[in-house]
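Peer 1: 3D model of this:
(chains A, B, C and D)
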Amino acid sequence: MAHADPHDHGHHSHGPDHVPHVTPLPIYLKTFATLVVLTVITVGASYINLGTSVNLALALIIATTKACVVAAFFMHLASDHKFHTAVFASSIVFLGIFVAFTMFDTSARGQFDAQKKNRPAQMTDPFAKATAAPSAAPAAAAAPAGATKAGAKP
Amino acid sequence: MSQGATTKTPTATTAQPAGTAAPQEAQYTIQPDEGYWLPRQNGAYSEQFDWAWSFYIWVCVIFFVIVIGPMTYFAFKYKRKSETEKTSPIDHHLQLEIVWTAIPTALLMYMFWVGFKLYADTQIAPNDAMTVQVTGAMYNWKFQYPDGTVTQELELPKDRPVKLVLSSVDTIHSFFVPEFRLKADVVPNLYTTMWFHPTKETDTAVQCAEYCGNGHSTMYSRVLVMPSGDAGAEGTFENWLANGGEKSSLSPLALGTKKYGQLCKSCHTLDGSKSVGPSFKGLFGKTESLADGSTVTVDENYIKESIVNPGAKIVQGYQNQMPSMAYLKDKDIEGIITFIKEQK
Amino acid sequence: MSRAATADAVYDESGGKNYINAEKGVVSWLTTVDHKRIGLMYLVSTLTMFMIAGIFALILRIELMKAGEDFLTPAMYNQAFTLHGAMMVFLFIIPAIPGGLGNFILPIMIGAKDVAFPKLNLLSLYLYWTGSIFTASSIVSTGLDTGWTFYVPYSTTVSQTSVIAVTFGAFILGFSSILTGLNFIVTIHKLRAPGVTWYRLPLMLWAIYATSIVQILATPVLAITLLLLILERAFQVGIFDPKLGGDPVLYQHFFWFYSHPAVYIMILPGMGIISDIIAVHSHRRIFGYKAIAFSSVAIALVGFLVWGHHMFTSGQSELASTIFSFITFFVAVPSGVKVFNWTSTMWGGSIAWSTPMLYAMSFLFLFTIGGLTGLPLAMVGLDLHLHDTYFVVAHFHYVMMGGAVIAFIGGLHHWWPKMTGRMYHETPAKIACALIFVGFNMTFFTQFFLGTRGMPRRYHTYLDQFQPLHAFSTFGSWVLGAGLFLVLFTFIHSLLKGERAPKNPWGGKSLEWETSSPPPTENFHRTPVVTHGPYDFATTGK
Amino acid sequence: MMSASTEAHEKGSPDFVVAHHFDSADTQFDAGRLGIWLFLVTEVLFFGGLFCAFFIYRNWYFDSFVEAHHHLDKQMGALNTVFLITSSLTMALAVRAAQRTKRSETVNMLFVTFLLAGCFLVVKYFEYTHKIHDGLLPGAMFSAQGFATQHAGVFFAIYFVMTGIHGLHVVIGMGLILWILIRAHRGDFSSRYYAPVEGVGLYWHLVDLIWIYLFPLLYLVG
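Peer 2: Residues are numbered from 1 along each chain as shown, chains lettered A, B, ... in the order given. Below you'll find the predicted structure:
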């Protein structure tokens, strides 16, 4: 915030001078050690199969811990203005909104109509299977879910 | 049909002047209503739609009056009379602020509910709906019925629910039938669906509502709703479907002329000028040099091959752009050959 | 009030020196770091783009007067509407108010000598120019026919036009926008003069602040989207290309995550201008200061949650459509609050029928229609019919042109004396305002009818049944065009023959009216000390 | 905006000028830092788009992603992770040295950071050439044989775009480090004025921070 110290053609500062906040060396070294240890853990964990979602969650938790450590100590958020933390956090919040809301679409397609979940096996002839076997088409149309299984999605 | 609407059938950029030797100009109309706003309604939930619309219009009018009425009144009443006039010191009023936040919020929630209910009804097709597969391409529509019949226009039975499954082979299109109050984008590598339940016989236009290139504004098709009934009776949808999408049997030339208008016209001219593909004028019997250096005489077999497998022999100077029309019946191909023979 | 307020003479204290004549020569302008000069250059550049894009619009309307092909081929028509949209959005509305008026007025309003990073500010301008050159270069090369939304796969695999040049231009313009927003946020946080508390900021600045938040948070997503689009077109990487397994609808999510908030980049500063104009020209304390201020921020933030309402028919999931529809209605609440507060501000005021005030009232009229016609587009069931029709075209022109542009022109009139030191002639300015109002409504209200009757947008030709309405709309566009040209002539006349402007022609109370017109390079001869709010007009009460 | 005297010494504090529109050195310093943080926000959202695409396509084409990620070299990725976190440490130490007006320590630390960044790029170069040789490329360029699933091309599209843009940030970062290295060597910085060192430092940490997410997502879990 601006201080009540107006100086008309302010050149050489005679206002409050800047005094840095110097972080002690051990904190940097401990931060670094934490990062190295966490890297080893995350690489090690990737060799153990815990199920894909557990592996993903673990990797993300470790990455987030590392990121927090970097932000707090290397980037001085721990000792800096709280506002800077808020600014940085806002980017994460809005990124979260972006990913989450997009996922509402991409992972919920076909909720009410199984056909929408599928993708054409071949873009240039999306209804190819039905054409190949016209006699089966009415049945396929009645039960579209299985008819055009594109194999595109798990 | 109240008024004849004339537009060009789908043409590419290099459109020939409207109305040249084209066999028959397609005519499309959106059936109008007596009101100012929407076209005629047709379908099970169009009524619900029109109710929602009227509700919205009245909310709109009331709010407009609430805002603009006082503004106009104040502008005259408090018009400045002298430069030194003093003004009201009131700069906030909490109760008022709460009222004009809360009431609109409640009303808006109700509007959401109205829109959502309508949406829910339009999204879930009944199980007994007839499924028609719709393929959008630049710049035409193709409809495939459960029995394998393929047409360029959508003909439907009255009073039966219909579900459309849509996909595109090139870019995004959008299938828009104003009379049904419906629209669904036609997206490549994706299936979208829509359903409706026509309650009136009609002849109305399908328009493409998602910009798709130079032919976008002429990417029309037609929705014809016909009476539903016995397959033996003339003029019913079932009879039409049994005849392979024809009202009655046509002569080969008439059929070929019709197919030309539906399928070939956008790329093949009749006046000898070069378009996306070679002109049909004097084509039959001609010897064409191919892109690979060989030559071929245009005869029945070559035309048939070019329709079924267009990429096999490309005439020099043209791109391999034509989609395969292997779905055409022999009768149709025969008709097109007859038509080309006629173009001397 | 600062001591400077006592002096009446136009060129007091500075001996005739102001920011315009402080230095001479083209180089002094191109190398300046003075926010006022940069703002002025932004204004001239964006208005030039407005004129080019506006001429495209007139051409479009003439083509649409009759069904069929009149004098534009479909290919030319598609390029004309694309360039009209792309230039209006990226080269005019987004940069014009923050870059032009905002740059000029923001530091003066908080009593600062300049923005926080003056060199960065100049860089923004240069980036704007560079991006403009890339974008406008397409006019003379192969054009652009994708629509301003660059939807895939049309833009990546079908279009034969210079998509890469334009998207790269828009990419660069994004950086310009980001840097401007960043600069403004830091300036408002760090450079307020003594006594300028947050609640003593003119509402214009709250709006600019909210805009800047959107610029910072949304624009980077546009940058990555356009980068991916360029890579897709150049190397077919397959992230959006359906042939390679990509999802075209995902592109729309990416695009609208920026472009919906971008709508608020366009309209929020306009709302800020209107708040200031109404208060100053009514000599009236603004009604509901905090409500207006916070509703700006609320619109900016809620605006991030609603982009999917552009995609109700796109094939996105029903769940997403429902959620987006629901949240969209919450944007209407703060917008409504603003409108009610503006009207209430006029109550008990002393309303001057000056040109800016007429524009402000036009804004209220048009923006209310624009806002209300947004509601059926948010009602997901109704949108299935209205989406991608002329109803949408009319709606967003009511908001963008009837809202943002009308506010911008009103703001130009409002701060014109401050920027140029000259008054304009009121009579032609008022006639121009009336022409714009009438022409605008003729052009665009007609299109609501077209849309509901089923006329899709981006059509080069149409069914004959739409012809009468289209013709009427075209006549309206001529009236509108005449009004806009009259504005231009009013301004040129003012520059050449206008009277010298006093420092406070409207009797405003915010800081910019306390310095001379035009202001000196350092804005204030002494750093002002502020002891009252920006709208503390003389009242009848206590 | 900011200029500095060239006659700086390790002990003496070099003189510098507060820009005319700031009321004090503190305000100027804070403004700069807030500006950098806002810029970092834009960087997060810039990369965020790609993370979004990653999660969505991983969700859809899960088998392809699992299959494709086995073609990335975990060891090389881990090595690069170590390079980057070490460079983050040296960068932090460089800022610390500048805060205490230790000129030669600042220069040395920046130099080490620069070298580590270079090492990162060398490893990246070997990874890329290997991928290109195997035809493990994005979308239409994908030509590797023997894949059981269809959409490995999408994975490599995301891999190349993400690591490519990240690599570009490393290159830009090296340029910035070089710039402040030269200025530090010239003696521009002191406990009174070290804003550019800290700004570049923050940027460099963010580049590290993004890699912290890229590495496990692309190399470890796929």
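
Peer 1: pLDDT below threshold where in chain D?
Peer 2: D:1-15, D:222 (pLDDT under 70).

Peer 1: again, but for chain A
Peer 2: For chain A, the stretches flagged by pLDDT under 70 are A:1-17, A:129-154.

Peer 1: quickly list the domain ranges of it.
Peer 2: As given by automatic domain parsing, the domain ranges for chain A are A:23-76, A:80-107.

Peer 1: the first one: end-to-end distance?
Peer 2: Across domain A:23-76, the terminal residues are separated by 8 Å (CA to CA, to the nearest Å).

Peer 1: which parts of the stretch 301-450 of chain C are helices?
Peer 2: C:318-346, C:355-372, C:375-378, C:380-386, C:390-399, C:406-420, C:426-452 (DSSP state H, counting those that start in this stretch).

Peer 1: so which of those helices comes closest to D:Leu84?
Peer 2: helix C:318-346 (36.6 Å; CB to CB). No exception for glycine: its C-beta is placed from N, CA and C like everyone else's.

Peer 1: so for chain B, which of the domains of chain A sits nearest?
Peer 2: domain A:80-107 (11.2 Å; CB to the nearest CB).

Peer 1: kindly calculate the angle that the host helix or strand of C:Arg61 makes with helix C:406-420.
Peer 2: Using DSSP states H and E, C:Arg61 maps to helix C:35-63. Orientation check (axes from the mean of the first three to the mean of the last three CA atoms, to 10 degrees): helix C:35-63 against helix C:406-420 gives 140 degrees.

Peer 1: give the other helices and strands that the helix or strand just after helix C:35-63 contacts.
Peer 2: Scanning forward in sequence from helix C:35-63 by DSSP H and E, the next helix or strand is helix C:74-86. When contacts are defined as 3 or more CB pairs under 8 Å, 6 or more residues apart in numbering or on different chains; DSSP states H and E, helix C:74-86 packs onto helix C:35-63, helix C:118-140.

Peer 1: need the contact list for B:Phe339.
Peer 2: B:Leu253, B:Gly256, B:Thr257, B:Lys259, B:Tyr260, B:Phe280 (CB atoms under 8 Å, 6 or more residues apart in numbering or on different chains).

Peer 1: ok, now D:His166?
Peer 2: D:His166 touches D:Phe47, D:Val207, D:Ile210, D:Trp211, D:Leu214, counting by CB under 8 Å, 6+ apart.

Peer 1: how many neighbours does B:Phe237 have?
Peer 2: The number of residues packed near B:Phe237 is 20, by other CB atoms under 10 Å in any protein chain shown.

Peer 1: I figured it was touching B:Met226, is that so?
Peer 2: Yes: between B:Phe237 and B:Met226 there is a contact at 4.5 Å, judged by CB atoms under 8 Å.

Peer 1: how is chain B carved up into domains?
Peer 2: Per automatic domain parsing, the structural domains of chain B span B:46-77+B:90-123, B:130-242, B:252-342.

Peer 1: out of the ones you listed, indicate the one that is most buried.
Peer 2: Mean neighbour count (mean count of other CB atoms under 10 Å in any protein chain shown) peaks for domain B:130-242 among the domains of chain B, with a mean of 22.

Peer 1: check whether it comes near chain A.
Peer 2: Yes: counting by CB under 8 Å from any CB of the partner chain, contacts between domain B:130-242 and chain A involve B:130-131, B:133, B:135, B:144, B:146-148, B:165, B:167-169, B:188-193.

Peer 1: using PDB, write out every CA atom in the helix or strand B:Val225 falls within.
Peer 2: Here B:Val225 sits within strand B:221-226, counting by DSSP H and E. Output of strand B:221-226 as PDB, limited to C-alpha atoms (Å, rounded to 0.1, in the frame of the first residue of the first chain):
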ATOM      1  CA  SER B 221     -33.100 -30.900 -46.600                       C
ATOM      2  CA  ARG B 222     -36.800 -31.600 -46.200                       C
ATOM      3  CA  VAL B 223     -38.900 -33.100 -43.500                       C
ATOM      4  CA  LEU B 224     -42.100 -34.600 -44.900                       C
ATOM      5  CA  VAL B 225     -44.500 -36.000 -42.400                       C
ATOM      6  CA  MET B 226     -47.000 -38.400 -44.000                       C
END
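
Peer 1: pull up the pairing partners for that strand, direction included.
Peer 2: Here strand B:221-226 is paired, per DSSP bridges, with strand B:154-157 (parallel), strand B:202-208 (antiparallel).

Peer 1: counting contacts, what elements does the helix or strand just after the shortest one pack onto?
Peer 2: Toward the C-terminal end, the helix or strand that comes next after strand B:154-157 (DSSP H and E) is strand B:162-168. Here strand B:162-168 is seen to pack against strand B:130-137, strand B:182-186, strand B:192-196 when contacts are counted using 3+ CB pairs under 8 Å, 6+ apart.

Peer 1: tell me the strands beside the second one, with direction?
Peer 2: Same thing as strand B:182-186. Paired neighbours of strand B:182-186 in the sheet (DSSP bridges): strand B:173-177 (antiparallel).

Peer 1: contacts only, for C:Gln316.
Peer 2: Counting by CB under 8 Å, 6+ apart, C:Gln316 makes contact with A:Asp105, A:Arg109, C:Val249, C:Gln252, C:His253, C:Gly308.

Peer 1: from those residues, list the buried ones, please.
Peer 2: When these are checked for burial by 16 or more other CB atoms under 10 Å in any protein chain shown, the buried set is A:Asp105, A:Arg109, C:Val249, C:Gln252, C:His253, C:Gly308.

Peer 1: in chain D, what residue is nearest chain C?
Peer 2: D:Gly139 (2.7 Å).

Peer 1: could you measure from that residue over to C:Phe134?
Peer 2: Distance of D:Gly139 to C:Phe134, given as CB to CB, to the nearest Å: 25 Å.

Peer 1: ok, C:His470 next?
Peer 2: Distance, C:His470 to C:Phe134, using CB to CB: 33 Å.

Peer 1: go on, C:Ile286?
Peer 2: From C:Ile286 across to C:Phe134, the span is 41 Å (CB to CB).

Peer 1: ditto for C:Thr490
Peer 2: Counting by CB to CB, the gap from C:Thr490 to C:Phe134 is 33 Å.

Peer 1: more crowded one of those two?
Peer 2: Neighbours were tallied for C:Thr490 and for C:Phe134 using other CB under 10 Å; the higher tally belongs to C:Thr490 (24 against 20).

Peer 1: doesn't B:Ser266 fall inside a strand?
Peer 2: No: counting by DSSP: H, G, I helix; E, B strand; the rest coil, B:Ser266 is not part of a strand but coil.
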